[in-house]
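Chemist: based on what follows, work out the 3D shape:
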Amino acid sequence: MSNDIVTEARNKAGNNFKKGYNCAESIFLTFRELVAPELDTKLVRMVTGFGGGLGHAGCICGALNSAEMIIGLFTGRTGSREDREPGYNAAREFHDLFQEHFGGTCCRVLNPHPFDTPEHLKNCIKITGTTGKLLMEYLIEKNLLKPGNNILTTQPGFLA
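Modeler: Below you'll find the model as predicted:
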């Protein structure tokens, strides 16, 4: 595993959050840039509502939601007759990894501070950056990405 690309994913995700993107947007933009640059940056609007645990509901962490979308780029299906289990298995596996690492998956559990307070934002930066790191490690470990010469190449047929 390339520590450089893992560190880059962590740093980019945290820096995107510092720039004013929410946790979900930060993960999406980081991985769009690193593994799927052919995706339009305007697609970030699809994940905006994931922030705050689904629009301040405090439910599933937005960083986790966006990470699952990125995993779906590699494991999801494009037709109803295709097997959905690879996508389900990968989603559950990363969910469990996230939960094991953070001790929960709900925004209100992960970050009990009042929304947008300095304490809340500091905690979210850490969660977002660490989620970027965990996601990149997961993608590499599962052989969904192959690091090489600081350029990531995807499996054949990616987004084909």
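
Chemist: give me the most central residue, this protein.
Modeler: residue 67 (2.4 Å; Cα atoms, centre = their mean).

Chemist: residue 11 touches residue 129, doesn't it?
Modeler: Yes: using Cβ atoms under 8 Å, residue 11 makes contact with residue 129 at a distance of 6.9 Å. C-beta coordinates here come from the backbone N, C-alpha and C atoms, glycine included.

Chemist: please say which of the two ends up with more neighbours.
Modeler: residue 129 (26 against 14; other Cβ atoms under 10 Å).

Chemist: tell me, what's the model's pLDDT at that one?
Modeler: At residue 129, the predicted lDDT confidence score is 98.

Chemist: for residue 94, same thing?
Modeler: Reading off the model, residue 94 has pLDDT 98.

Chemist: tally of neighbours for it?
Modeler: 22.

Chemist: where do the helices sit along this structure?
Modeler: 3-18, 23-35, 51-54, 62-75, 85-102, 107-110, 118-141 (DSSP state H).

Chemist: comparing those helices, which comes out most buried?
Modeler: The highest mean neighbour count among the helices of the chain, using mean count of other Cβ atoms under 10 Å, belongs to helix 23-35: a mean of 26.

Chemist: got the angle between that helix and helix 118-141?
Modeler: 30 degrees (axes from the mean of the first three to the mean of the last three Cα atoms, to 10 degrees).

Chemist: surely the residue nearest to the centre of the chain meets residue 27?
Modeler: Yes: in this structure residue 67 lies within contact range of residue 27 using Cβ under 8 Å: 5.6 Å.

Chemist: which non-adjacent residue is nearest residue 101?
Modeler: Counting by Cβ to Cβ, 6 or more residues apart in numbering, residue 101 lies nearest to residue 134, which is 6.2 Å off, once chain neighbours are set aside.

Chemist: next: residue 14.
Modeler: Once flanking residues are discounted, residue 14 sits nearest to residue 129: 3.4 Å by Cβ to Cβ, 6+ apart.
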